[in-house]
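Asker: Would you be able to build a 3D model of this:
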Amino acid sequence: MSAKKNVSKNTFFYSRREVFVCLFLVVTTIAVYWQVGNHEFINLDDTQYITKNRYVQKGLDSESITWAFSITDISYWHPLTWLSLMLDHEFYGTNPRGYHLTNVALHTLNVLLLFLILKWMTGSLWRSAFVAALFALHPLNVESVAWAVERKNVLSTFFWMLTLLAYSHYSIRPSLPRYLLLALFFGLGLMTKPMLVTLPCVLFLLDYWPLGRLRFGQLAGDMNAQQSASGISGYQRTRPCILILEKVPLLVLSGISAYMTSLAAQRIGMVISAESVPIKLRIANGLVSYVSYGAKMIWPQNLAVFYPYPSVVPIWQGAGAAALLAGISFLIFWRARKAPYLVTGWLWYLGTLIPLIGLKQVGLWPAMADRFTYVPLIGLFMIVAWGIPDLTTGWRYQSSALTWGSGALLVALMLLTWNQLRYWQNSNTLFKHALAVTENNYVAHNNLGTTLNEQGRVKEAMVHFTKAVTIRPNFSRAHNNLANALARQGKDEEAIGHFYKALQVEPNFPGFHLNLGNALERQGKIKEAAFHYSTALHLDPTFAEAYFNLGNLLARQGKIEEAISNFSTALQLKPDFAEAHNSLGVVLAYLGKNEEAIAHFTEALRIKPGFIRAQNNLSMALRQREKTRGIAEDNRKSDS
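Answerer: Residues are numbered from 1 along each chain as shown. Okay, here's the model as predicted:
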C-alpha cells in the first residue's frame, strides 16, 4: 500500500515539475517576444508575400486557395504557408500586429513541443528543458519569429515537432494508423517549407539516440543500459535495414517536395548558374558558414537580416573550416559509445543545414542567414545540454554550478534577444543596423533607399541606390529603384538607362517593363511604351497596374473601347484600384455615360478619400448631370 502511495506521490511530483517548466517556457518566450506586436512590416519580401500580394489580400476564397496550391512565380511551393497568411488577412487585414503575434504563438508552441518530445524520448526533465529554453531565447532565432514572412519557418517547424511526436508514439508500438499520422504531419510540413526533406534522416538519428531502436550488438546493449538509467522503456529495437525501409515512404514524400521546389525555381527564373557562382565557391562558403553559425551560437553578435555573398573565399578559410569540421566529427565518433547524443546532435546540425548552405541558389542568395539555423541549432543545443553535465561529473559543486550557470546564461540570452528584436521595428532600423554590422551590403543599401524614397527623401535614397549598384552592378532591383527615383526628379533619360540595365539581368520581370513603359510614355515614345506594357501583361496576365497604364495610353490615342476594356480588367483583378475607377469614369463621361462615370468617381473617393482628381471629376460630372436635368426640364416646359 505504501509503495503505491509513493509511486502516486512521485508521479504527481514529476507532473508538477513539468507543468512548472512549461509555464516558465511560455512566460519567458512571450515576455521577450511580445514587443514584435508593435513592429511594422519590412520591405524585404513582406510586400511581395503580404501587403502587395493580391491573393493574400483577397483572403481565403476559391481563387486564392487555387493559386496557393499552384506553382507560383513568387517563391517555392508551400501552399500551407500561403493559406496561413491568407487566414491572417481574414482576421487582421493589413495590420502587422496580428501576423507578428501569430509567429510568436507558433514559436511558443514549438518550444513547448520540443521540451515535451525530448522529455518523452530521453526521460531527462532538466536537460530537455534547457534545450527548449535555448531554442526559445537564442538571438539567432529572432529573424524567424520577428519577420512576418518567415511564417514558413515557424509553421513548418510546428509540423516538424508534430512529426517527431508522432514518430515517438509510433516507435513504442508500430502500427499502420500511427505511421499514417506520422506521414500526415510530415506531408503537411513539406507543404509549408521544403526544408523538411531532411527529417526522415533525423528520424534515423533518433533511432540511434535517444530511442535506441538500432540493434547493434554491444552498442545496443550500451544504449539499452542508458535508456534504463534514464527511465525510458518501450521502444522496439530493430535491425538497421528495417528502420531504413521504414523511412522509404517518407523519403518518397521528400522527393516529391524536392521536385515541386525545382519546378517552382524554374518558374521563378532566378536560379543562379554555376557560371555566376562556381561550385567551388559555394562549397567553400558552405563550410565557412557551418563554422560561422556555430560561432554565432556561442557568441551571437553582429546579426543582420542579410549577409552579402562573398566574391571569393580565401583558401585558408575554406580549408580551415573543413579541417575543423572533420576534427570535431572524428572526436564525436570516437566518443560515440560513451556519449551517443554527440552523434545525433552533430549530425542533426550538419544534415539539416545541407539544403541551406547554398549548393543550389535562387534569387538573392545570402552567404548565410540567421533563419537557416532555426531547426539545425537544436542539434548543438542537445550536445550542450547533455555534454556539459557529463564533462562536470564528479565536480563537488556541479549541481549549484549548473543551476546558476544555466540561469545566468538564459538571462543573458533574454537580454540579447530583446535587444536584437529592437532592430526589427521597421525597415529603417533593420537596414541601418545591417549596414552597421556588415560590409558592402547591397541589399541593405537598396532596401534602406526604398524606405527613404517612400518617405519623400529622394536624394538620400538615391545615395543608397547608387551604392547598391556600385557594389553589385548586376543588382536589377537597385537599378530599377534608382531609375524610379531619377524619374521622380524628371530625369527620364537617365532613368531609362537604368531600367534597361535592370531588364538585362531580369528580362522576365513584369514590373521593370511597366516602369520602363511609364518613362517612355512620358517622353512621347508611345509605341515603345505600349510594347513594354503588353510585355508586362504577357509575363503576368494578372498585372492590374499594367492594364491600367495601357488603358490610359489607349485613351490618349482615342481608342476608347479598348481603354474601357483594360480599365475594366484592371478593376476585376483589383477592385479597390481607385485610380482605375477614376480613369474609367473619365472615358465613360467622354462617351456621355454620365451616371456610370459618377458611380466610378464616387467609388474612387470611397477607396481613397482626398483623391483630388476624382473629386474634381465627380464635381464636373455632377454639374453636367444638373445641367442635363435643367435642359431636360426646360424642354419639358417648352413642350407643355
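
Asker: Assign Ala280 to helix, strand or coil.
Answerer: No, residue 280 isn't Ala; it's Lys. helix (DSSP: H, G, I helix; E, B strand; the rest coil).

Asker: burial measure for it, as a count.
Answerer: Burial measure for Lys280: 11 neighbouring residues, criterion other CB atoms under 10 Å. For the C-beta atoms, the positions are set from N, CA and C on the backbone; glycine is no exception.

Asker: and if you look at Gln615?
Answerer: Other residues lying near Gln615 total 15 when counted by other CB under 10 Å.

Asker: Against Thr602, how distant is it?
Answerer: Per CB to CB, to the nearest Å, Gln615 is found 10 Å from Thr602.

Asker: Leu584 touches Thr569, doesn't it?
Answerer: No. Leu584 is not in contact with Thr569 according to CB atoms under 8 Å; the separation is 10.6 Å.

Asker: Of these two, which one has the most company?
Answerer: Applying other CB under 10 Å to Leu584 and Thr569 shows that Leu584 carries more neighbours, namely 28 against 20.

Asker: What helix or strand is that one located in?
Answerer: Secondary-structure assignment from DSSP states H and E places Leu584 in helix 578-590.

Asker: which helices and strands does that helix pack with?
Answerer: Packed against helix 578-590, as judged by 3 or more CB pairs under 8 Å, 6 or more residues apart in numbering; DSSP states H and E, are the following elements: helix 544-556, helix 560-573, helix 594-607, helix 612-639.

Asker: The first one: which residues count as buried?
Answerer: What that stands for is helix 544-556. Judged by neighbour count using 16 or more other CB atoms under 10 Å, the buried positions of helix 544-556 are 544-555.

Asker: again, but for the third one
Answerer: Applying a neighbour-count criterion of 16+ other CB under 10 Å, one finds 594, 597-605, 607 buried in helix 594-607.

Asker: So for Glu439, which of the helices and strands packed on helix 578-590 sits nearest?
Answerer: Relative to Glu439, the nearest member of the helices and strands packed on helix 578-590 by CB to CB is helix 544-556, separated by 36.2 Å.

Asker: contacts for the closest one?
Answerer: Helix 544-556 is contacted by residues 54, 510, 513-514, 517-518, 521, 526, 529-530, 533-534, 536-537, 540, 560, 562-567, 569-571, 573-574, 577, 579-580, 583-584, 586-587 when judged by CB atoms under 8 Å, 6 or more residues apart in numbering.

Asker: looking at the chain, which helix or strand does the model trust least?
Answerer: helix 218-230 (a mean of 46; mean pLDDT, DSSP states H and E).

Asker: What's the first helix or strand after that helix?
Answerer: Reading on from helix 218-230 to the C-terminus, the next helix or strand found by DSSP H and E is helix 240-268.

Asker: Quick check: which helices or strands does that next one pack against?
Answerer: Under the contact rule (3+ CB pairs under 8 Å, 6+ apart), helix 240-268 is packed against helix 176-190, helix 199-208.

Asker: Show the pLDDT at the residue nearest in space to the middle of the chain.
Answerer: Averaging the C-alpha coordinates of the chain gives a centre point, and the residue nearest to it by CA atoms, centre = their mean is Glu150 (2.8 Å). Glu150 is assigned a predicted lDDT (pLDDT) of 97.

Asker: repeat for Gly269
Answerer: In this prediction, Gly269 carries a pLDDT score of 64.

Asker: Ok, the one 4 residues further on next?
Answerer: The predicted structure scores Ser273 at 75 on the pLDDT scale.

Asker: ok, now Thr392?
Answerer: Thr392 carries a pLDDT value of 88.

Asker: residues contacting it?
Answerer: 398, 401-402.

Asker: check contacts around Ser292.
Answerer: Contact analysis of Ser292 by CB under 8 Å, 6+ apart lists Met368.

Asker: low pLDDT regions in this structure?
Answerer: Low-confidence segments of the chain, defined by pLDDT under 70: 1-14, 215-236, 268-270, 628-640.

Asker: can we see that at 50?
Answerer: 1-13, 217-221, 224-225, 228-231, 233 (pLDDT under 50).

Asker: just the strands in it please.
Answerer: Taking DSSP state E as the criterion, the chain carries no strands.

Asker: tell me which residues in stretch 75-87 are buried?
Answerer: When neighbours are counted by 16+ other CB under 10 Å, the buried residues of stretch 75-87 are found to be 75-86.
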